[in-house]
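**Student:** need a structure here:
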Amino acid sequence: MSKLKKALLRSVAVVVIVTLSILSGIWISRIMDRMDRASHPQDYADAVSYYSREYGVPEYIIYAVIKTESDFDSSAVSEDGAIGLMQLMPDTFAWLTRINDESYETGMLYDPNTNIKYGTYYLQYLYQRYLRWETAWAAYNAGPNTVDEWLADGKYSRDGEVLDAIPYPETEGFVKSVGKAADVYRRLYYQP
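**Tutor:** I've put the predicted structure just below:
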């Protein structure tokens with residue numbers, strides 16, 4: 001076989017290998033995208049869209065909290081007594097309804113629309129208080145009084161505004177999980 005034929009065969013082999021690599025990368029990317037979409041649904045889209053606009057909380061954050069808190073189970077109840085899609089505590093729900101001068105019944109927390117409304121309102125309240133989503137998520141999980149204590153403690157915050165460390169493993173895990181889920185939702189559904 002001539003040198004020219006060998007060089008030509010090597011070139012064709014390289015082109016075939018590169019083409020197959022590109023196609024397999026695209027194929028794998030599509031499979032991963034489908035898996036992400038299956039595990040990150042957009043259930044309750046009407047309520048999420050409405051309360052996102054109403055309270056100025058991005059949809060992908062609302063979905064991330066629902067995914068992390070209940071994995072879209074409207075009947076979920078935690079060991080601590082948090083209820084529904086966004087896992088609101090009955091005391092927090094009662095306080096939020098008083099702020100809004102609305103009626104209150106703990107059973108309303110099982111209603112997806114009500115749960116999303118007040119969970120989103122609470123996220124907005126916490127974001128306005130802390131001006132950082134990660135801090136708002138920490139307060140959503142551990143409570144704002146606890147987060148205020150962390151922000152005032154030099155072990156957890158250098159400047160009193162940003163949490164450098166979260167001493168509760170559950171809250172630290174929650175903040176990381178919501179952040180990861182928010183990134184996935186933003187990538188899948190909210191990027192041009």
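**Student:** So what are the structural domains in this structure, by residue number?
**Tutor:** The record's domain split for the chain, according to automatic domain parsing, is 1-39, 43-189.
**Student:** Go through those domains and find the least confident stretch.
**Tutor:** Between the domains of the chain, the one with the least mean pLDDT is domain 1-39; it has a mean of 65.
**Student:** For Tyr185, see how far away the residue nearest the centre of the chain is.
**Tutor:** Centroid-nearest residue in the chain, with C-alpha atoms, centre = their mean: Ala64, separated by 2.1 Å. The spacing between Ala64 and Tyr185, counted by C-beta to C-beta, to the nearest Å, is 6 Å. The C-beta positions use only the backbone N, C-alpha and C, and glycine is treated the same way.
**Student:** show me the residues around Ala76 that make contact.
**Tutor:** Glu69, Ser70, Ile83, Gly84, Leu85, Gln87 (C-beta atoms under 8 Å, 6 or more residues apart in numbering).
**Student:** Now do the closest residue to the fourth one other than its chain neighbours against Asp73, distance only.
**Tutor:** By that I understand Gly84. Nearest-residue entry for Gly84: Asn115, 3.7 Å, with adjacent residues in sequence omitted and distances by C-beta to C-beta, 6 or more residues apart in numbering. Per C-beta to C-beta, Asn115 is found 11 Å from Asp73.
**Student:** Those two: which is more packed in?
**Tutor:** For Asn115 versus Asp73, neighbours defined as other C-beta atoms under 10 Å are more numerous around Asn115 (26 against 12).
**Student:** Please, where are all the strands along the chain?
**Tutor:** Along the chain, no segments are classed as strands by DSSP state E.
**Student:** list residues touching both of Asn115 and Asp73?
**Tutor:** Joint contacts of Asn115 and Asp73 (C-beta under 8 Å, 6+ apart) are Leu85.
**Student:** which residues are contacting stretch 78-87?
**Tutor:** 44, 62, 65-66, 69-70, 72-77, 88-90, 93, 106, 109-112, 115-116, 118-120, 122.
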